[in-house]
Each structure stands twice: as structure tokens, then as C-alpha cells.
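Engineer: with the input below, show me the fold.
(chains A and B)
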Protein chains: 2
Amino acid sequence: MAGKVALNFNLIEAAATQLKGHARVTPLLNSPFLDDIAGRRVWVKAECLQHTGSFKFRGGWSAVSALTGEGGVLAYSSGNHAQGVAAAAKAHGRAAVIVMPSDAPAIKLANTRALGADVVTYDRTTENREEIGAALAKGRDLTLIRPYDEPQVIAGQGTVGLEIAQQTAEAEVDSGEVLVCCGGGGLTSGIALALAEAAPSFRVRPVEPAGFDDVARSLEAGKIEHNATLGGSICDSIVTPQPGDITFPIMKKLCDSGLVVTDEEALRAVAAAFQRLKIVVEPGGAVALAAALYHGSEIEGDDVVVVATGGNVDPAIFATAISTYGDGR
Amino acid sequence: MAGKVALNFNLIEAAATQLKGHARVTPLLNSPFLDDIAGRRVWVKAECLQHTGSFKFRGGWSAVSALTGEGGVLAYSSGNHAQGVAAAAKAHGRAAVIVMPSDAPAIKLANTRALGADVVTYDRTTENREEIGAALAKGRDLTLIRPYDEPQVIAGQGTVGLEIAQQTAEAEVDSGEVLVCCGGGGLTSGIALALAEAAPSFRVRPVEPAGFDDVARSLEAGKIEHNATLGGSICDSIVTPQPGDITFPIMKKLCDSGLVVTDEEALRAVAAAFQRLKIVVEPGGAVALAAALYHGSEIEGDDVVVVATGGNVDPAIFATAISTYGDGR
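Structural biologist: Sure thing, here's the model as predicted:
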């Protein structure tokens, strides 16, 4: 599908129309306790409350609803994109084949299957998921839905930006930084495109875990940089090899510099969201909140908006986070 | 304040006007995985996402905003009512004195103080909180805000019912049972009053933990029954001695029979809400969801609405619940 449509504000508005009544308008939450930690007002866009537990449902729905013909869809994902695409395909009556690493969390494999998808596993140390996906698509009438480098997906994720523009206006917040947990950049670039038109006084910045800061380094270098390794982060849901070919130019044009947080800061943010907002956020979905809470000196303005991107976290990891940092600071 | 205003649908609508822009319109969440467990569609009104982490903020705000003069407020509470009243009083620039048991969770004591309240502790095995409250009110210009037997408080809680009426209509759900976690009956009677007018095809039923089912027994007997003991439940936030003198006649007239769940079922519902909805619910706030998931044979209809009343749970209890029942079933 890539390249067949123009990726612009109109495409995001069209995605919003497609999503209306299907995706949740997630709440923009706040707490005086978080404001105290951050030293400014913190607004949390709770995308963990989205269907399938992450914003990925938006891009999946947007891409699936744009399909013509009768064919199915194909996606490769370690979990959140898989569930988003599977749920969207099921609702549209289309087959879904999802290529997932064999060591993905059991709950994510089980959920994706329970959403009706045909899950094909691969060994991520020896096999290439793009090659597997391409081979599967050739043998069947399947359209590949890339997790981020895909205009319809970016447009779907961009609807988060439209909601941020509306909800901040309702809260009488007229400017600030918008921090986005960033993997391949689909959500970040989508929000940046949306806000450039709908609320241009906000500045969008990607946030990544330390050691996997390819986007921050790419923005600084002005060209695409890679991560040295892809394993070992507790923020697995947002670790990607490099920014996308479509997403990076958008981020380069529209985003400000990236922020980087430690795994410990991400876990502390998980506990703070548990204690102060009563939402379940996975570590990779908490890095933006972590930046707002613990990197205040790198942020400007009286208000900061953070996207809590997902909540598909292993119970053991969540239990450890809240037990270790349970005072919510 | 009790008795000075007529407790009816108009008072609930007036409370909704007072709360507009201050209380959150909490989302009505659902998940196909919960529907599978329950054998019908389950709609979860996520009041744990309310300010101060429980629906109690609504009643507190309603009562405080109805005050005249310059005086402060007094409340006795083990936690959720305390925080709701303290936050409402602070926003209105009024002093708040809150009488709390000395063995209340440290986090609830700390939060109530952090919200600006003057917290007075008492020993719940040897002292009577009502007597302490009455004595404190005499010495200062304080108005007592009762946790449930108070028309303005019931009206504030009843705004949950107005939102359920609107949100179920938007979801095209036109009838069903509405299960409410029930302590003294303020929320249950408020919702029942609201729905009797706004969506009379819904049936309201209180849900309580086993061993503390005073409301269910009172409804069955047609007169107020007491709990034999007040200690030892993991659902501490909804354990009260007996239904209220104001709330019971309303529930007797408008509610159907009560449901009773075990502590284990409540903890399993906590884990299911974590896994499937990404919300943090305290055990006492999860008994209605537990009834929907595990007592399906006692419920009628294709749809059931449950109120997840609060999320102020000790991290250790939550960690135990999700570690023990982490598969979300």
C-alpha cells in the first residue's frame, strides 16, 4: 500500500473518520502528585486503554479499512502491532497472518491467536521476519501491513495527535512539549503531522530507552543511525533497528531533539502511573512519562503532554516495578 | 446538611452540573476476553480513573460545592471518601479535617495529608469515629460530610448513573443489569435513582464480599441487617456496619437482589482488569466485575454493566493478585 496515498493532514483526518466509533477516545489524565514530581503540569494520554492495550489498534484499523478486494492481511510484530492488526482484521472479516518471534511473551502470542489470527513464529536470532513475511504474502492473497513505515498506519497513529489537540484545548493548555515513546517512529511522526496543523504551538519529541536511542542520534546526526543491538531492553515494545524511511524525514522536519531514559526510570514511571493514575503501562510505554518526571531540566514550558503508548506487560515485570518503586515517585 | 434538600433525580442533575469540568467522565471499557469469560458482554465503568482514584470524588465535590458560608468540612473515612473530600475542599479553598483509622494504609493517610487535609487518627477497635467527628465539629466551624447517608453525596455519586445511561446508549446497549460494589449504599442508591429516570430498563444490583453482605441480607429481609464483624476482608474499602438510613429505603425500592463474591474471586477480577483492560482496581472495587465474570448464572441478559469503583490498592496486594491470577481469567 505504501506510496499509493499522500501522507498528510487530510489522510489523518480521514483515518479519524474511519476510526470513529471503533477506536476509543482515550482520556487525558493528570494528577497533582505527578505535577509535584515533574515541577510542571503533566498530561498523560492513556493509550494503554485503547482496544488491544496499545495505540497500535489505530494504525491497524486505519490500514485494514483502507484495503480493497477480499484478501487478508500480513504483519510482523513482537506483540502490540500484532494484536492491533489482528483485532482490526477480525472486525473487518479478513484473514490475518502474523509473523511473531518465537520468544515473544506467551500472553501476546496467545492473545493474537485468540483474536483470530494465524500466528507464524520465527527465531529472531537466525531468521529475518521481513523475508518470512514477504514469502508468506506471495503464496496467499495477503497485503503486508508494516508496523510503522506505511502511510495508512502513520495516519491512524496520528489520530492520537488530533485528540491531544482537542483535549489540551478543553483543558485550556495552549502550548507545551509532547513526549512520545518512540520505536520506528510511526506514532511520533503521525502525532507531529497532526499537531503541525491542529496545534502548532506544541513541540513533539521522541523518547527512547538508553542504549536503543537510534531516533535521538539520527535526529542529531541529520541522517538515519542504527542501534548497535536489539536485545536486552526491558522496553522491548519500542526497540527497533532504526527509524523508518518514511517516518524519519517527517521527524527530522517536525520534531525537536530526542530524550533518553534509563530502564530504572521507565520502571519508576510504571509505578507512578499505577499509584497516581491507576493505569497499567508497560515499560516501553512509560519512557515518555519517565522523561517528564525525571528529566525535567531537559524540558521547557509549564505543561508537558506524554503518551502512555501501551499496557501489555508481563505480570511479573509489573509486580516487580510496583513493589520496588511503589511509593509512586 | 442532611434533610435540607430533596434527594431526587433533579438533585443528581444539579450535581452533574456542579461536577462538569471538575470530575472526569470516566470511560466505559470492554474486552472480548472478558466477554468470553462472562458469556455475555461486560461493560466496565472505570471509576478508578476518577480524580483521587475513586468515585468518592464525585460525592465529595457535590457536597462541598453545596456549602454556604466560610467554614471547613469534616469527614471520617478509611481512605477513599477522605481523599475525595480533601481534594474537593482544597479546590474550593476550604479547610478539611479528616478522621481516619490509625491502621489505614500509610499511602491513604499520606495522600489525604498531601491533599491539604488535617488528618486526625483514631483506634478503630476502641474508639468511635462518629463521636470523634462530632466532637471535632463542635469546636470548629466544620460541616460534617457523611460518606453515604447524605443527600448531596448520594446525588454526586448518582452522576455515575447518568454517565452509564449516556454511554450505554452510545454503545447501543438498551438494557441489562448494573452491578455496583456496595458499602453503605451511597453509590448504589445514587445510580439506582439516576437510572430509574434516565434508563429504567436497567436493573441495579449491589455486590458485596462474602461475610460482609449486610446489604444483600437487608434487601432479602426487607429491613436493615448488620455485619457480624468489620475486620478481615481484603475488600476493606466497601466494608461498612450496615446500609444507611437514607440509602437503604432507596435500594429497597429500586434495586434487585444483591450478589456476593469471595475474596479470591475479587482478586481474580483485579488480575483480569489488569490483564484485559489495563486499569488498576482495588479488591473492594472489583467485586462487581467478579460477580459478572464468575457468577454468570445469577445474572440475566446479554449485557452487564459493572462499576469498578476505585483503584487505591496497596502495591503488595496488587502484585500478589496479578502474580497469582496473571492469566486474566
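
Engineer: drop to CA atoms for contacts and neighbour counts, all remaining ones
Structural biologist: Fine.

Engineer: may I see the buried residues of the helix or strand where A:E177 lies?
Structural biologist: Secondary structure assigned from DSSP states H and E places A:E177 in strand A:176-181. Buried residues in strand A:176-181, defined by neighbour count with 16 or more other C-alpha atoms under 10 Å in any protein chain shown: A:G176, A:E177, A:V178, A:L179, A:V180, A:C181.

Engineer: try stretch A:112-119
Structural biologist: Buried residues in stretch A:112-119, counted by 16+ other C-alpha under 10 Å: A:T112, A:R113, A:L115, A:G116, A:A117, A:D118, A:V119.

Engineer: tell me who's in contact with the closest residue in space to the first one that isn't next to it in sequence.
Structural biologist: The one in question is A:T112. The spatially closest residue to A:T112, leaving aside those adjacent along the chain, is A:Q83, at 5.1 Å (C-alpha to C-alpha, 6 or more residues apart in numbering or on different chains). Contact analysis of A:Q83 by C-alpha atoms under 8 Å, 6 or more residues apart in numbering or on different chains lists A:T52, A:K56, A:F57, A:K108, A:N111, A:T112, A:L115.

Engineer: which of the buried residues of stretch A:112-119 sits closest to chain B?
Structural biologist: Distances from the buried residues of stretch A:112-119 to chain B were compared by C-alpha to the nearest C-alpha; the smallest belongs to A:L115, at 8.6 Å.

Engineer: and that closest one, what pLDDT?
Structural biologist: What the model reports as pLDDT for A:L115 is 93.

Engineer: likewise A:A2?
Structural biologist: According to the model's per-residue confidence, A:A2 sits at a pLDDT of 44.

Engineer: any idea which element the residue nearest to A:T112 lies in?
Structural biologist: When secondary structure is defined by DSSP H and E, A:Q83 falls within helix A:80-91.

Engineer: now the angle from the next helix or strand after that helix to helix A:80-91?
Structural biologist: For helix A:80-91, the following helix or strand on the C-terminal side (DSSP H and E) is strand A:96-101. Between strand A:96-101 and helix A:80-91, the angle formed by their directions is 160 degrees, by axes from the mean of the first three to the mean of the last three C-alpha atoms, to 10 degrees.

Engineer: sorry, back to before: got the contacts of A:Q83 as CSV, with distance to A:I322 and secondary structure columns?
Structural biologist: CSV is the format used below for these (distance: C-alpha to C-alpha, whole Å; DSSP: H, G, I helix; E, B strand; the rest coil):
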residue, distance to A:I322, secondary structure
A:T52, 22, helix
A:K56, 25, helix
A:F57, 27, helix
A:K108, 21, helix
A:N111, 24, helix
A:T112, 27, helix
A:L115, 29, coil
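
Engineer: please pick the buried ones from these.
Structural biologist: Of all the contacts of A:Q83 considered here, the ones buried according to neighbour count by 16+ other C-alpha under 10 Å are A:T52, A:K56, A:F57, A:K108, A:N111, A:T112, A:L115.

Engineer: so who does the fifth one touch?
Structural biologist: Read it as A:N111. Taking C-alpha under 8 Å, 6+ apart as the contact definition, A:N111 lies against A:Q83.

Engineer: and it, how far is that from A:V85?
Structural biologist: The gap separating A:N111 from A:V85 is 12 Å, by C-alpha to C-alpha, to the nearest Å.

Engineer: circling back: determine which two of the buried residues of strand A:176-181 are furthest apart.
Structural biologist: Based on C-alpha to C-alpha, the longest span within these runs between A:G176 and A:C181 and measures 16.4 Å.

Engineer: make sure A:L67 is indeed in a strand.
Structural biologist: No. Secondary structure assignment places A:L67 outside any strand; it is coil (DSSP: H, G, I helix; E, B strand; the rest coil).

Engineer: so which bits of the stretch 101-250 of chain A are right by chain B?
Structural biologist: The stretch 101-250 of chain A comes close to chain B at residues A:I107, as judged by C-alpha under 8 Å from any C-alpha of the partner chain.

Engineer: quick one: low-confidence ranges for the stretch 101-250 of chain A?
Structural biologist: Along the stretch 101-250 of chain A, no part satisfies pLDDT under 70.

Engineer: A:E177 bridge partners, please.
Structural biologist: Applying DSSP bridges to A:E177 gives these bridge partners: A:R203, A:V304.

Engineer: my read is that it contacts A:P200, right?
Structural biologist: No. With contact taken as C-alpha atoms under 8 Å, A:E177 and A:P200 are classed as non-touching, separated by 10.9 Å.

Engineer: off-centre distance for stretch A:258-270?
Structural biologist: Relative to the chain's own centre, stretch A:258-270 is displaced by 16 Å; criterion: C-alpha atoms, centre = their mean, to the nearest Å.

Engineer: other residues contacting it?
Structural biologist: When contacts are defined by C-alpha under 8 Å, 6+ apart, stretch A:258-270 is touched by residues A:205-210, A:213, A:215-217, A:219, A:233-235, A:280-284, A:286-287, A:289-291, A:293-294, A:318, A:321-322, A:325, A:328-329.

Engineer: the same query, at a cut-off of 7 Å, please.
Structural biologist: With contact meaning C-alpha atoms under 7 Å, 6 or more residues apart in numbering or on different chains, stretch A:258-270 is reached by A:205-210, A:213, A:216, A:234, A:281-283, A:286-287, A:289-291, A:321, A:325.

Engineer: report the buried members of the residues you listed.
Structural biologist: Neighbour-count burial (16+ other C-alpha under 10 Å) is assigned, among the contacts of stretch A:258-270, to A:205-209, A:213, A:216, A:234, A:281-283, A:286-287, A:289-291, A:321, A:325.

Engineer: how about the helices in the stretch 1-150 of chain A?
Structural biologist: Under the criterion DSSP state H, counting those that start in this stretch, the stretch 1-150 of chain A contains helices at A:9-19, A:32-38, A:56-65, A:80-91, A:106-114, A:129-139.

Engineer: in TSV: the ones you listed, plus distance to B:Y148.
Structural biologist: Below are those laid out as TSV (distance: least, C-alpha to C-alpha, whole Å):
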stretch	distance to B:Y148
helix A:9-19	40
helix A:32-38	26
helix A:56-65	40
helix A:80-91	42
helix A:106-114	41
helix A:129-139	58
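
Engineer: unless I'm mixing things up, A:R113 is touching A:V119, no?
Structural biologist: Yes. Using C-alpha atoms under 7 Å, A:R113 is in contact with A:V119, at 6.3 Å.

Engineer: do a quick rundown of the strands in chain A.
Structural biologist: When assigned using DSSP state E, the strands of chain A occupy the ranges A:28-29, A:41-46, A:72-76, A:96-101, A:118-122, A:142-144, A:176-181, A:202-209, A:259-261, A:303-308.

Engineer: now those in TSV, please, with extra columns for distance to B:A134.
Structural biologist: TSV is the format used below for the strands of chain A (distance: least, C-alpha to C-alpha, whole Å):
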stretch	distance to B:A134
strand A:28-29	36
strand A:41-46	38
strand A:72-76	64
strand A:96-101	63
strand A:118-122	64
strand A:142-144	69
strand A:176-181	47
strand A:202-209	51
strand A:259-261	51
strand A:303-308	42
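
Engineer: over to A:T126: give its phi and psi.
Structural biologist: phi -120, psi -10 (degrees, to the nearest 10).

Engineer: so how far is A:E197 from it?
Structural biologist: Distance of A:T126 to A:E197, computed by C-alpha to C-alpha: 43 Å.

Engineer: again with A:Y294
Structural biologist: 30 Å.

Engineer: would you map out the domains in chain A?
Structural biologist: Here the domain assignment for chain A is A:9-54+A:151-324, A:56-144, based on automatic domain parsing.
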